[in-house]
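> Below are the sequence and a predicted model; questions follow.
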Amino acid sequence: MSEAVGVGGSVTLEELERDPYPIYARLRDEEPVSWVESVGLWLVTRWDDVQTVDKDSAAFTGETEPSTLNRTFGKNLLGSEGAYHDRVKAIIHPWFRTGAIGHFPGEVIGPLVRELIAGFSERGEVDLVAQLAEPLSVRVLRRATGLEEVDDDTLRRWFAGLAEGAANFEGDPAKQELADATSRDVDERTAPILDRLAREPDDTLLSSMIHTRVDGEGLSRAEIQANLKVMIVGGLQAVSDAIAITVWALLSHPEQAALVRADPELAAPAVEEALRWHSPVGTSTRQTTAETELAGVALPAGALIAAVLASANRDPRHWDRPDAYVLDRPRRPHLAFAAGPHVCVGSLLARFEARTALQELLGALGGLRLDPARPPVFTGWEFRSPQHLHLLFDPA
Ligand code: HEM
């Protein structure tokens, strides 16, 4: 392809995975809509253009062809557009609003965080990913959805199998077989839970999905299960990463951490700034529905696009000092949860988890700091996070 001669033609997957930010900076300046041969995608890196891709779903559709998401989960929110998408979102969204989950920080997330902290508070050190962020994301998702009968390891296995299918762009039959088997397992295990919730409604997300009607319409069982799978894939790793990134970002700036310790309300801006600075979900994937021009570049019909949220969140055309972590910067919306019709439905729950974890950690563990001997290693570009976050503190 002739486009491969530009900056994008020289970008390697290895460089992107190691540290995409210098590449994004160069692309924003020199080639803001760029064919990157090594990943088979057009990368869109400036704030304004990323907004356009996310918001103009008639030109840039999430219903890609083929769709690894729809193939593995069944038709779902992220892989659909238009009236179908809007109907499903209108039914699912109410459960995620403050009115329905406003009690989660105090009644659900806080107790779970304190229980996890009690498991390591005497040791003076912790790998926060393994011992808090990841298990918290699993347990909150279970409580939120209503999958009480499903244990932690089964949820983890479901995440791994489904994620393998979602990322199977190469169509590897072995990966698809695992993903399909996982998908069937989710359907079989949730069928009796859905039967029970149909008879006995409760305050969980699955119950809400069964009973909510908008303009007289509800969701079919297949629609509920397909969207549950998106939530399992979207609501575990990204939340765990968001917690680890927030704690790391703040503890890397001890003077700003002291402010949050003194005023726990500052946990909210601390989380927002961390998600802007190091967005755990790096891209929105879309496909052009027709030949389209974006930032002066002619895109063919059917072109696969990665609107790079993580780059838009560092665009100096939109942000002052974009590469710095600034707790008290003037608040403006960032794109870590995307924008437009596919804006993350779970963003409030995710924010509650990250804020509560941060507040509880700072409140419970004196002298909490990064372990200088074991700094975190960030990897990835579509999903970017550290696998471990080693912290030290004064033992209880
Ligand atoms: C910090 C944690 C999270 C981050 C960074 C995140 C990020 C995102 C992003 C960027 C999108 C849009 C993707 C696109 O444009 O292609 C999205 C969509 C979505 N997210 Fe999240 N997410 C998080 C947590 C959650 C949670 C906790 C849930 C549910 C339990 C969830 C469920 C969903 C769903 C269902 C969609 C599809 C919405 C639609 O297509 O209308 N996410 N998320």
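The structure has been received and is ready for your questions. This structure is a prediction, so every number in the text was calculated from the model and none was measured.

> Get me the contact residues on the protein for the ligand.
For the chain, the contact set with the ligand under C-beta under 6 Å from any ligand atom comprises 62, 77-78, 89, 141, 230-231, 234-235, 238-239, 242, 280-281, 284-285, 309, 336-338, 342, 344-346, 349-350. All C-beta spots, glycine's among them, are computed from the backbone N, C-alpha and C.

> How about the contacts made by Glu122?
Listed by C-beta atoms under 8 Å, 6 or more residues apart in numbering, the contact set of Glu122 reads 395-396.

> Assumed it was part of a helix.
No - per DSSP: H, G, I helix; E, B strand; the rest coil, Glu122 lies outside any helix segment and is coil.

> Can you read off the pLDDT for it?
Looking at Glu122, its pLDDT reads 97.

> Equivalent analysis for Ala160, please.
94.

> repeat for Gly171
Listed pLDDT for Gly171 reads 85.

> With Leu69 instead?
For Leu69, the model assigns a pLDDT of 88.

> List the residues that contact it.
76, 78-79, 166, 230.

> before we move on, what about Ala306?
Ala306 neighbours (C-beta under 8 Å, 6+ apart): 39, 41-44, 282-285, 382.

> Could you export those residues as JSON lines, including distance to Glu30?
Output for those, formatted as JSON lines (distance: C-beta to C-beta, whole Å):
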{"residue": "Val39", "distance to Glu30": "18"}
{"residue": "Leu41", "distance to Glu30": "18"}
{"residue": "Trp42", "distance to Glu30": "15"}
{"residue": "Leu43", "distance to Glu30": "12"}
{"residue": "Val44", "distance to Glu30": "14"}
{"residue": "Gly282", "distance to Glu30": "20"}
{"residue": "Thr283", "distance to Glu30": "19"}
{"residue": "Ser284", "distance to Glu30": "22"}
{"residue": "Thr285", "distance to Glu30": "23"}
{"residue": "Glu382", "distance to Glu30": "22"}
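
> Mind giving me the PyMOL command for buried ones among the residues you listed?
A single PyMOL command selects the buried members of the contacts of Ala306 (16 or more other C-beta atoms under 10 Å):
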select buried, resi 39+41+42+43+44+282+283+284+285+382
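
> Return the closest of the contacts of Leu69 with respect to Leu205.
Looking at the contacts of Leu69 and their distance to Leu205, the nearest is Val230, at 12.0 Å (C-beta to C-beta).

> pretty sure Gln387 is in contact with Val377, am I right?
Yes - counting by C-beta atoms under 8 Å, Gln387 does reach Val377; the two are 7.0 Å apart.

> And those two? Which one has more around it.
The neighbour comparison of Gln387 against Val377 (other C-beta atoms under 10 Å) goes to Gln387, with 14 against 9.

> still on that earlier bit, so which of the residues of the chain next to the ligand belong to strands?
284-285 (DSSP state E).

> could you flag which of the residues of the chain next to the ligand are buried?
Neighbour-count burial (16+ other C-beta under 10 Å) is assigned, among the residues of the chain next to the ligand, to 62, 77-78, 89, 141, 230-231, 234-235, 238-239, 242, 280-281, 284-285, 309, 336-338, 342, 344-346, 349-350.

> The closest residue to Ile117 other than its chain neighbours: neighbour count?
In this structure, Ile117 finds its nearest non-sequential neighbour in Ala364, 5.2 Å apart by C-beta to C-beta, 6 or more residues apart in numbering. When neighbours are counted by other C-beta under 10 Å, Ala364 registers 15.

> give me phi/psi at Ala364?
Backbone torsions of Ala364, given as degrees, to the nearest 10, read phi -90, psi -30.

> wait, doesn't it sit right on Arg114?
Yes - the pair Ala364 and Arg114 passes the contact test of C-beta under 8 Å, sitting 7.3 Å apart.
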